[in-house]
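**Q** prediction below, plus the sequence it came from.
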Amino acid sequence: MIKHLNLLAFVEYAIIAIVFTAITVSSDDAVPIPEAEAEVNAWFEANVKPLADRKGTLDGNLEAAEATPKTIKVSADGSGEFKTITDAVKSIPAKNTQRVIVDIGPGTYTEKITVEKEKGFVSFIGVPEKTIIEFAGTAHEYGTVYSATLQVESDFFNTAPPPDGVRPGAQAVAFRIGGNMASFYNCRFIGFQDTICDDKGFHFFKDCYIEGTVDFIFGSGKSIYLNTQLEVIQDKDMTVIVAQARGNAEETGFSFVHCSITGKAKGAFLGRAWMPAPKAIFAYSTISDVICPEGWSNNQHPEREPEIFFGEYKNTGPGAAIEGRVKFAKQLTEAEVKPFISLSYIEGSKWLLPPPKL
């Protein structure tokens, strides 16, 4: 019996790809994301130039991969080269050195997909709101990390998909990214508990939608979430958005910039100290009253408070009020927030490219 269903549907320019991205020479990696939301797209275009503007400055492997891109078509109705995404991924050779764009047609694909570590330079592109990936596996069967509908273990991956629907029940991950240097544009990730396992590596999410209840963004990645909606669908036991898993002083952490926190919950936390030294910040974000006044939780481990780095900067909305905030949460200064709100946080100039196009 299906106890939990996680859907990963592709949105406009939804692209999951593992790729070596380029070094941005024509822009400054340290230029901060602007405070004005209306200026964000112009900032992105100025600081994430397309490949054509950066030839000779990119990582050599990336430039070689992008020189001769290949597109393979997946169609649920059988009109493409493959009927399943799994078969399309299997067709990509190990130690792949060529950009492979997997063009996924409309339909529902009931599959558990893994893009293996040795298969880099892969992009998934789907039809906005019409391409859905679903799987009924649970953490009981696979373990939390490996229960994901879509797992990406390779480096240099970009995509733009979203999950669209959920049946509450057994815990399961909708998406896991364990590869380095991965980007996600206009994707929807829908789950219940543990929606996204942002496991490890540098990652960039822009214009996405992420839904869940408990720890629905968790892991040890070092990632920026820009202009992304975080939807807390209900209160359930301890409702938490972020469970960042930094264990000590390693350089990992999540940065949420110009995000919006919405939903039906009334007592959710922005994050909790799931591990001894978590790091997460929210800047320029709109926080509704789904967030409780305390804002953050030490997870009943007060001894962790000296190592916790939970920060906030110039957020708005009733859930952003600092009255009632826990003492270990930081109200950041301009100097303190600056490292978190530029592409240098994820070394973006070395690898980040705009979403691929067919």
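**A** Received, thanks.

**Q** is it true that residue 193 touches residue 214?
**A** Yes: Residue 193 lies in contact with residue 214 (Cβ atoms under 8 Å); the separation is 4.5 Å. For the C-beta atoms, the positions are set from N, CA and C on the backbone; glycine is no exception.

**Q** who has more neighbours out of the two?
**A** Set side by side, residue 193 and residue 214 show more neighbours around residue 193, with 24 against 21, by other Cβ atoms under 10 Å.

**Q** what segments of the stretch 251-358 of the chain are strands?
**A** 253-257, 260-263, 269-272, 279-283, 286-287, 296-297, 309-313, 329-331 (DSSP state E, counting those that start in this stretch).

**Q** of those, give the one that comes closest to residue 183.
**A** When these are compared by Cβ to Cβ, strand 253-257 sits nearest residue 183, at 14.6 Å.

**Q** quick one: distance of the closest one to the chain centre.
**A** Distance, stretch centre to chain centre, for strand 253-257: 10 Å (Cα atoms, centre = their mean, to the nearest Å).

**Q** next one: stretch 83-93
**A** When distances are taken as Cα atoms, centre = their mean, stretch 83-93 is centred 23 Å away from the chain's centroid.

**Q** start and end of that stretch, how far apart?
**A** Distance across stretch 83-93, first residue to last, is 18 Å (Cα to Cα, to the nearest Å).

**Q** do stretch 284-300 as well
**A** Stretch 284-300 has an end-to-end distance of 29 Å (criterion: Cα to Cα).

**Q** list the buried residues in that stretch.
**A** Neighbour-count burial for stretch 284-300 flags 284-292, 295-299 (criterion: 16 or more other Cβ atoms under 10 Å).

**Q** mean pLDDT for the strands of the stretch 251-358 of the chain - can I get that in a markdown table?
**A** Below are those laid out as a markdown table (pLDDT from 0 to 100):
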| stretch | mean pLDDT |
| --- | --- |
| strand 253-257 | 98 |
| strand 260-263 | 98 |
| strand 269-272 | 96 |
| strand 279-283 | 97 |
| strand 286-287 | 99 |
| strand 296-297 | 98 |
| strand 309-313 | 98 |
| strand 329-331 | 98 |
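
**Q** ok, so of the buried residues of stretch 284-300, who is nearest residue 247?
**A** Scanning the buried residues of stretch 284-300 for proximity to residue 247, where the rule is Cβ to Cβ, the winner is residue 299, at 13.6 Å.

**Q** could you report the neighbour count for the closest residue to residue 218 other than its chain neighbours?
**A** Once flanking residues are discounted, residue 218 sits nearest to residue 243: 4.0 Å by Cβ to Cβ, 6 or more residues apart in numbering. By the criterion of other Cβ under 10 Å, residue 243 has 24 neighbours.

**Q** quick one, what contacts residue 243?
**A** 215, 217, 218, 219, 271, 272, 274, 275, 278 (Cβ atoms under 8 Å, 6 or more residues apart in numbering).

**Q** any idea of the pLDDT on it?
**A** Per-residue confidence at residue 243 stands at 93 (pLDDT).

**Q** what are the phi and psi values for residue 243?
**A** Residue 243 adopts backbone torsions of phi -130, psi 80, taken as degrees, to the nearest 10.

**Q** and for residue 317?
**A** Backbone torsions of residue 317, given as degrees, to the nearest 10, read phi 100, psi 160.

**Q** so who does it touch?
**A** 261, 286, 287, 288, 289.

**Q** redo that, cut-off 7 Å
**A** 286, 287, 288 (Cβ atoms under 7 Å, 6 or more residues apart in numbering).

**Q** my read is that residue 281 contacts residue 341, right?
**A** No: with contact defined as Cβ atoms under 7 Å, residue 281 does not count as touching residue 341 (8.5 Å).

**Q** so for the two, which residue has more residues nearby?
**A** residue 281 (27 against 24).

**Q** so what sits opposite that one in the bridge?
**A** residue 255, residue 311 (DSSP bridges).

**Q** and the residue most central in space within the chain, helix, strand or coil?
**A** Among the residues of the chain, the one closest to the centroid is residue 205, at 4.7 Å (Cα atoms, centre = their mean). Secondary structure, DSSP: H, G, I helix; E, B strand; the rest coil: residue 205 is strand.

**Q** that one and residue 105: what is the separation?
**A** From residue 205 across to residue 105, the span is 24 Å (Cβ to Cβ, to the nearest Å).
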